[in-house]
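Student: for reference, the sequence and a predicted model appear below.
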Amino acid sequence: MARAFRIDPRQRTAGHPRRAGGDWFPRALFLLGALSVCACGKSGSTKPPAPPPAPVEVVEAASLTMPIELRAIGTAEPLSTVRIRSKVQGEILEVLFADGQPVRAGDPLFRIDPRLFEAALKRAEANLAIAKSASDNASEQAARYTTLIKRGVASKEQTSQVLTVEESGKSELAARQADLDEARLMLEWTTVAAPISGRAGAALLKAGNMIQPNVDTLAVINQIQPIYVTFSLPENTLDEVRRAMQASPPPVRAYGPDSGELLGEGTLTFIDNAVDRGSGMILYRATFPNVGERLWPGQFVDVKLTLGEESGVVVPSAAIVEGPRGAQVFVVRDGVAELRPVEAARSLGGQTIVRSGLAAGERVIINGQLRVSPGGRVVEKAAAAQP
């Protein structure tokens with residue numbers, strides 16, 4: 001049976017004097033490993049430093065009433081346009097208005113040589129006098145023969161002939177009267193008058209020109225008091241506009257496209273009866289009194305159609321952030337930003353109505369959202385002045 005030998009550690013140390021104390025190296029490795037484990041454990045459990053608060057601009061949401069407005073680009077159009085033409089032929093003797101001046105209905109604009117028509121009038125008057133004399137004579141003869149036939153002196157045939165001549169004379173008299181009326185009318189037409197009130201353009205034909213009746217345009221008059229402004233809106237606005245029209249004609253304002261100056265106020269008076277299939281737009285027309293003639297035919301204007309008012313919580317439009325779930329805002333509470341979904345209604349003049357998701361008095365970020373994360377800390381800075 002084999003024996004197990006046991007070496008005395010003292011003998012091993014004593015037998016190998018150069019290895020005395022030689023177990024320091026494993027112990028050193030053990031200590032280094034333990035230190036590295038401790039160091040690793042400490043570094044793994046250390047949290048990164050928190051980011052500094054993000055600087056942001058914040059405003060309070062307010063409860064306000066905003067107008068419901070639709071905006072478009074419109075064109076001013078005259079209420080009526082008339083091309084002035086002569087009804088008689090002749091030479092223009094005189095132009096009786098200045099180019100571009102306002103005129104009233106009935107004002108004389110052109111005078112055409114009347115001499116030929118004056119002569120025709122005199123001839124018609126003479127013919128009427130002849131016909132009247134003949135008719136009077138025929139009436140006297142008819143009265144005489146009517147008395148004679150009652151006495152049995154005149155024959156029925158003679159009486160019938162006399163009565164026929166009387167009727168013919170009356171018809172001739174009526175015809176000559178019609179000729180006289182026509183001659184007077186033709187003479188009256190030698191003065192071309194304005195058929196409507198408005199503003200005349202330039203005289204297209206001057207004195208000395210020969211004109212043909214109902215062919216040559218002498219001038220153009222535009223009626224601009226009142227005046228129309230036409231504009232188009234998407235077809236999805238039709239129901240809202242029609243509901244407003246049923247209550248009362250909604251007001252319309254026209255502004256200068258460059259200056260933004262108010263040029264006039266009117267009311268919506270016309271909605272086209274069909275939607276343009278090509279553009280999906282529908283035509284509207286508003287009527288403006290245009291007392292000061294601020295609106296001019298052919299002028300482009302910015303149009304605001306007001307359909308009513310809407311109340312709600314209002315924030316600057318810059319506070320609205322579009323996200324995967326729709327409109328959102330950052331709400332600041334105790335220096336912490338909270339990302340909250342909201343229902344935005346409509347925007348006007350840089351302000352947006354929020355129907356739900358936000359209460360009046362809550363503070364929302366309007367600038368610096370890109371530096372903010374939900375739940376992150378923020379520091380408020382003064383908001384820039386609104387233009």
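Tutor: Looks like it arrived, so ask away. These numbers come from a predicted model, not from an experiment. Numbers count the residues shown, from 1 in each chain.
Student: chain neighbours aside, what residue packs nearest to residue 355?
Tutor: residue 343 (4.5 Å; C-beta to C-beta, 6 or more residues apart in numbering). Bear in mind the C-beta positions are built from the backbone N, C-alpha and C, glycine included.
Student: quick check: beta-bridge partners of that neighbour?
Tutor: residue 356 (DSSP bridges).
Student: ditto for the one 5 residues further on
Tutor: Residue 348 forms beta bridges with residue 351, as assigned by DSSP bridges.
Student: that one and residue 64 touch, don't they?
Tutor: No: using C-beta atoms under 8 Å, residue 348 is not in contact with residue 64, being 10.6 Å away.
Student: any common contacting residues for the two?
Tutor: With contacts defined as C-beta atoms under 8 Å, 6 or more residues apart in numbering, no residue is shared by residue 348 and residue 64.
Student: what comes up buried for stretch 338-357?
Tutor: Neighbour counts over stretch 338-357 (16 or more other C-beta atoms under 10 Å) mark 339, 342, 344, 345, 348, 351, 352, 353, 354, 357 as buried.
Student: ignore the last one, stretch 83-97
Tutor: Buried, per 16+ other C-beta under 10 Å, within stretch 83-97: 84, 86, 88, 89, 90, 92, 95, 96, 97.
Student: wait, doesn't residue 226 sit right on residue 288?
Tutor: Yes: the pair residue 226 / residue 288 is scored as a contact, 5.9 Å apart, by C-beta under 8 Å.
Student: so what sits against both of the two?
Tutor: By C-beta under 8 Å, 6+ apart, the residues touching both residue 226 and residue 288 are residue 266.
Student: let me see the contact set for residue 99.
Tutor: Residue 99 neighbours (C-beta under 8 Å, 6+ apart): 200, 201, 202, 203.
Student: and it, how far is that from residue 294?
Tutor: In this view, residue 99 and residue 294 are 21 Å apart by C-beta to C-beta, to the nearest Å.
Student: what's the answer for residue 356, then?
Tutor: Distance from residue 356 to residue 294, by C-beta to C-beta: 42 Å.
Student: that's a strand at residue 131, yeah?
Tutor: No: secondary structure of residue 131 (DSSP: H, G, I helix; E, B strand; the rest coil): helix, not part of a strand.
Student: distance of it relative to residue 144?
Tutor: 21 Å.
Student: strands along the stretch 1-150 of the chain, start to end?
Tutor: 54-60, 62-85, 90-95, 102-103, 108-112 (DSSP state E, counting those that start in this stretch).
Student: so which of the ones you listed is nearest residue 246?
Tutor: Closest to residue 246 of these is strand 62-85 (C-beta to C-beta; 15.1 Å).
Student: indicate which one of the strands of the stretch 1-150 of the chain is closest to residue 310.
Tutor: That would be strand 62-85 among the strands of the stretch 1-150 of the chain, by C-beta to C-beta, at 5.4 Å.
Student: what pLDDT, on average, does that closest one get?
Tutor: Here strand 62-85 scores 93 as its mean pLDDT.
Student: kindly report the same for stretch 185-204.
Tutor: 95.
Student: mind listing what's buried in that stretch?
Tutor: 186-187, 189-190, 192-194, 196-201, 203.
Student: domains in the protein, by residue range?
Tutor: Using automatic domain parsing, the domain ranges for the chain come out as 56-67+311-381, 70-77+221-309, 88-111+190-217, 115-188.
Student: least confident of these, on average?
Tutor: Minimum mean pLDDT among those: domain 115-188, a mean of 84.
Student: span of that one from start to end?
Tutor: Domain 115-188 stretches 12 Å from its first residue to its last (C-alpha to C-alpha, to the nearest Å).
Student: if we can go back for a sec, the residue nearest to residue 355: what's it in contact with?
Tutor: 326, 327, 354, 355, 356, 357.
Student: now residue 316: closest residue in space that isn't a chain neighbour?
Tutor: residue 366 is the one closest to residue 316 (C-beta to C-beta, 6+ apart), at 4.9 Å.
Student: what's the burial count for that neighbour?
Tutor: Residue 366 has 21 neighbours, counted by other C-beta atoms under 10 Å.
Student: separation between it and residue 63?
Tutor: Residue 366 is 17 Å from residue 63, by C-beta to C-beta.
Student: with residue 375 instead?
Tutor: 28 Å.
Student: do residue 345 as well
Tutor: 14 Å.
Student: now do the shared contacts for the two.
Tutor: Residues touching both residue 345 and residue 63 by C-beta under 8 Å, 6+ apart: residue 312.
Student: what residues are up against residue 286?
Tutor: 74, 228-231, 252, 254, 266-270, 303, 305.
Student: please redo it, this time with the cut-off set to 6 Å
Tutor: Contacts here follow C-beta atoms under 6 Å, 6 or more residues apart in numbering; on that basis residue 286 touches 229, 252, 266, 268.
Student: need the residues you listed in JSON lines (columns: distance to residue 167 and secondary structure).
Tutor: Converted to JSON lines, the contacts of residue 286 look like this (distance: C-beta to C-beta, whole Å; DSSP: H, G, I helix; E, B strand; the rest coil):
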{"residue": "229", "distance to residue 167": "62", "secondary structure": "strand"}
{"residue": "252", "distance to residue 167": "65", "secondary structure": "strand"}
{"residue": "266", "distance to residue 167": "61", "secondary structure": "strand"}
{"residue": "268", "distance to residue 167": "62", "secondary structure": "strand"}
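Student: good, we can wrap up now.
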